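>>> dropping the sequence and predicted coords here.
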Amino acid sequence: MYDAILTQYVTWRNDTSLGGIEGCISKLQAADPNFVMGHVIASGLELIGTGRSVLLDDQLASAVRKTVELSKTQSITERERLHVSAMEMFSKGCFPKACVLWDEILLDHPTDLLALKFAHDTYFYIGHQTEMRDSVARVLPHWKPHMPLYSYLKGIYSFGLLETKLYDQAEKIAKEGLALTPGDAWAVHAVSHVHEMRAEVEKGLKFMEQTENNWKKCDMLACHNYWHWALNFIEKGEYEAALGIYDSQISKRCFSSEAMLDTVDACSMLYRLELEGVKVGDRWKELQKVTKPHREDHVLLFNDLHFLMTSLGAKDEETSRRLLETLWELAQAPGENHTHQLATSIGLPMCEALIEFDKGNYSRVVELLLPIRYHFTDIGGSDAQVSEKWRYQPILPCNDT
C-alpha cells in the first residue's frame, strides 16, 4: 500500500481500482497502525496539499504528534527518523529546514522518491528555484531506466530547468519523459510552461489539444493543465474560449475536489479574465464558497493572495478584512514559520496592493509593489503564476491616471 500511495502521488492520479490515495492510506493504517512511514506519508501528503493548517485543524495536528511519538517509541532507521523530522518541520512552517532534511536523506538514499518529491514541492512553495532543480539533478545519475517511476524524474527535473530559464533543456528532458510515459501529466505541464515562457501561443494550444487524452485522467493535475491551456487563449485574446475552459473544466474540478491547486487555479483564471475586461458574473460568489473557509489558514502567502482575489471579486469586505487581520497578527510573532516571517515584508504589501488595485488606486499599487518586485517569487509559485503577472500587469493601468 505504501508503494501504491507513493505511485499515485508521483503520477498525479488517484487509482480508483485501489480506492485512490485516501483508500490506500486507510488500508495501510488498518493493516499496521504503528507503521511509522505509513504515518509519515499520510500526514505528509495532507500537509503538502496546503489545504489544512495545524494551527486550526486539531485532527491534523494530532496526526503529526502521533507520528512523532511513534518514532520515539520504535526502533527505526536514521533515514526514517529524518523523514519524521522533515514532516514535523513542514508542519511548523519551517519549510527551508524541511528541505534540508529531505536533501540529507537523498545524499545517502538518492532513489528515495518520497524525499525527492516532498523536497521538490516544498522548494516550489518557497520560490527556491535553483535548489528545486539541483535537488533532482544530484540524484539523476543514481536512477536507472529499469527502476519503477524512472521516467517521471524527467518531468520533475524539467520543471526545475524551466523555472531557472533553461527552456531548451527543459523541453528536451520533458519530451524524453513523455516518450517513455505519454501519460505523465507533470512532463506535459513542463512543456506547456516552456511554450508559454517563449510566447509560443499556437504551439502551446496545439500541444495541449494533441496530448489531452493522455493527461486528462490525472485528476490531481488535470485542472492545472487546463488552466495552462486557457492561458494560451487569454494570450491570444480569445477570452470566451478561456472562460469556456473555466466553466467546463477548471471550476467543475475545483468544486469537486476542493484541492488547493485546483482552487488557486480557479481564482487565478477569473482574476486574469477580469484584468482583460471580461465580465465573469456570479462566478466569484460561487468560488467564494470554497475559499472562504481558508481565509485564516495562512499556510502559504501564495494561497492567501488567491483567497483575497476571490473575496474582492465577490465583494465580501468582511472576509478580505479578516484575512489581512489574521495574517498581520501571525506576523507579529512569526517564530520559525516561513510564511509568517515573510508576511510583513512581502505578503501584506502584496495583499494591500490587490485591495488598492480593486479600488482603482493604481499609483498606490506601484508604491507598494515596486520595492519588492524582485521578491515576488519568494511567495512560491512558478514564473507563469507569479512573476510575470505581478511585475507588469498591475502597473499598466497607471498609464491612464
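Great, that's in hand. Residues are numbered from 1 along each chain as shown.
>>> shaky segments in the stretch 1-150 of the chain?
Low-confidence segments of the stretch 1-150 of the chain, defined by pLDDT under 70: none present.
>>> ok, which stretches of it are helices?
2-11, 20-31, 36-48, 58-73, 78-91, 95-108, 113-125, 129-137 (DSSP state H, counting those that start in this stretch).
>>> looking at those helices, which is closest to Trp215?
helix 2-11 (10.4 Å; C-beta to C-beta). For glycine as for every other residue, the C-beta is placed from the backbone atoms N, C-alpha and C.
>>> flag every buried residue along the closest one.
Across helix 2-11, burial judged by 16 or more other C-beta atoms under 10 Å covers Tyr2, Ala4, Ile5, Leu6, Thr7, Gln8, Tyr9, Val10, Thr11.
>>> which residues touch the fifth one?
What that stands for is Thr7. Asp15, Pro148, Leu149 (C-beta atoms under 8 Å, 6 or more residues apart in numbering).
>>> repeat that for the first one.
Taking C-beta under 8 Å, 6+ apart as the criterion, Tyr2 is in contact with Leu28, Phe35, Met37, Gly38, Ile41.
>>> now the contacts of Thr7 in CSV, with distance to Asp358?
Formatted as CSV, the contacts of Thr7 follow (distance: C-beta to C-beta, whole Å):
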residue, distance to Asp358
Asp15, 42
Pro148, 49
Leu149, 44
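>>> filter those residues down to the buried ones.
Leu149.
>>> can you tell me which two in the buried residues of helix 2-11 are farthest apart?
Tyr2 and Thr11 (15.0 Å).
>>> now the residue most central in space within the chain, nearest residue through space, not along the chain?
For the chain, Leu261 is the residue whose C-alpha lies nearest the centre (C-alpha atoms, centre = their mean; 5.5 Å). Nearest residue to Leu261, sequence neighbours excluded (C-beta to C-beta, 6 or more residues apart in numbering): His224, at 5.7 Å.
>>> isn't Pro349 right up against Leu370?
No. Counting by C-beta atoms under 8 Å, Pro349 does not reach Leu370; the two are 10.1 Å apart.
>>> higher neighbour count, those two?
Taking neighbours as other C-beta atoms under 10 Å, Pro349 and Leu370 compare with Pro349 leading, 17 against 12.
>>> for that one, grab phi and psi.
Note on Pro349: its backbone torsions stand at phi -60, psi -40 [degrees, to the nearest 10].
>>> which positions in the helix or strand harbouring Leu205 come out as buried?
Per DSSP states H and E, Leu205 falls inside helix 201-215. By neighbour count on 16+ other C-beta under 10 Å, the buried set for helix 201-215 is Val201, Lys203, Gly204, Leu205, Phe207, Met208, Thr211, Asn214, Trp215.
>>> so what's the first one up against?
In other words, Val201. His195, Asn232, Glu235, Lys236.
>>> now tabulate the residues you listed in JSON lines and tack on distance to Leu324, secondary structure and neighbour count.
Below are those laid out as JSON lines (distance: C-beta to C-beta, whole Å; DSSP: H, G, I helix; E, B strand; the rest coil; neighbours: other C-beta atoms under 10 Å):
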{"residue": "His195", "distance to Leu324": "36", "secondary structure": "helix", "neighbour count": "22"}
{"residue": "Asn232", "distance to Leu324": "33", "secondary structure": "helix", "neighbour count": "24"}
{"residue": "Glu235", "distance to Leu324": "32", "secondary structure": "helix", "neighbour count": "16"}
{"residue": "Lys236", "distance to Leu324": "35", "secondary structure": "helix", "neighbour count": "14"}
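>>> list the residues that contact Pro371.
Here Pro371 is in contact with Pro349 (C-beta under 8 Å, 6+ apart).
>>> next one: phi and psi at it?
phi -70, psi -20.
>>> okay, it and Asn361: tell me how far apart.
Separation of Pro371 from Asn361 (C-beta to C-beta, to the nearest Å): 17 Å.
>>> swap in Cys254?
30 Å.
>>> those two - which one has more neighbours?
Counted by other C-beta under 10 Å, Cys254 and Asn361 do not tie: Cys254 has more neighbours, with 25 against 15.
>>> what about that one, which helix or strand?
Counting by DSSP H and E, Cys254 is found in helix 251-257.
>>> quick check: mean pLDDT of that helix?
For helix 251-257, the mean pLDDT works out to 98.
>>> contacts for that helix, please.
By C-beta under 8 Å, 6+ apart, helix 251-257 touches 219-220, 222-223, 226, 262-263, 265-266, 283, 286-287, 290.
>>> got the CA positions of the helix or strand following that helix in PDB?
Downstream of helix 251-257, the next assigned helix or strand under DSSP H and E is helix 260-275. What follows is helix 260-275, C-alpha atoms only, in PDB (Å, rounded to 0.1, in the frame of the first residue of the first chain):
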ATOM      1  CA  MET A 260      -5.800  23.700  -3.100                       C
ATOM      2  CA  LEU A 261      -4.100  23.500  -6.500                       C
ATOM      3  CA  ASP A 262      -7.500  23.400  -8.300                       C
ATOM      4  CA  THR A 263      -8.800  26.200  -6.100                       C
ATOM      5  CA  VAL A 264      -6.000  28.700  -6.800                       C
ATOM      6  CA  ASP A 265      -6.200  27.800 -10.500                       C
ATOM      7  CA  ALA A 266      -9.900  28.800 -10.400                       C
ATOM      8  CA  CYS A 267      -9.100  32.000  -8.500                       C
ATOM      9  CA  SER A 268      -6.300  32.900 -10.900                       C
ATOM     10  CA  MET A 269      -8.300  32.300 -14.000                       C
ATOM     11  CA  LEU A 270     -11.200  34.500 -13.000                       C
ATOM     12  CA  TYR A 271      -8.800  37.200 -11.900                       C
ATOM     13  CA  ARG A 272      -6.800  37.100 -15.100                       C
ATOM     14  CA  LEU A 273     -10.000  37.300 -17.200                       C
ATOM     15  CA  GLU A 274     -11.200  40.300 -15.200                       C
ATOM     16  CA  LEU A 275      -7.900  42.000 -15.800                       C
END
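>>> how far is helix 260-275 from where the chain is centred?
Here helix 260-275 is found 13 Å from its chain centre; the criterion is C-alpha atoms, centre = their mean, to the nearest Å.
>>> what's downstream of it, the next helix or strand?
Following helix 260-275 toward the C-terminus (DSSP H and E): helix 283-291.
>>> can I get that following helix as PDB, trimmed to CA atoms?
This file holds the C-alpha atoms of helix 283-291, laid out as PDB (Å, rounded to 0.1, in the frame of the first residue of the first chain):
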ATOM      1  CA  ARG A 283     -18.700  33.100 -10.600                       C
ATOM      2  CA  TRP A 284     -16.700  34.800  -7.800                       C
ATOM      3  CA  LYS A 285     -19.600  34.200  -5.400                       C
ATOM      4  CA  GLU A 286     -19.700  30.500  -6.200                       C
ATOM      5  CA  LEU A 287     -15.900  30.200  -5.800                       C
ATOM      6  CA  GLN A 288     -16.000  32.100  -2.500                       C
ATOM      7  CA  LYS A 289     -17.900  29.100  -1.000                       C
ATOM      8  CA  VAL A 290     -14.700  27.100  -1.500                       C
ATOM      9  CA  THR A 291     -12.100  29.800  -0.500                       C
END
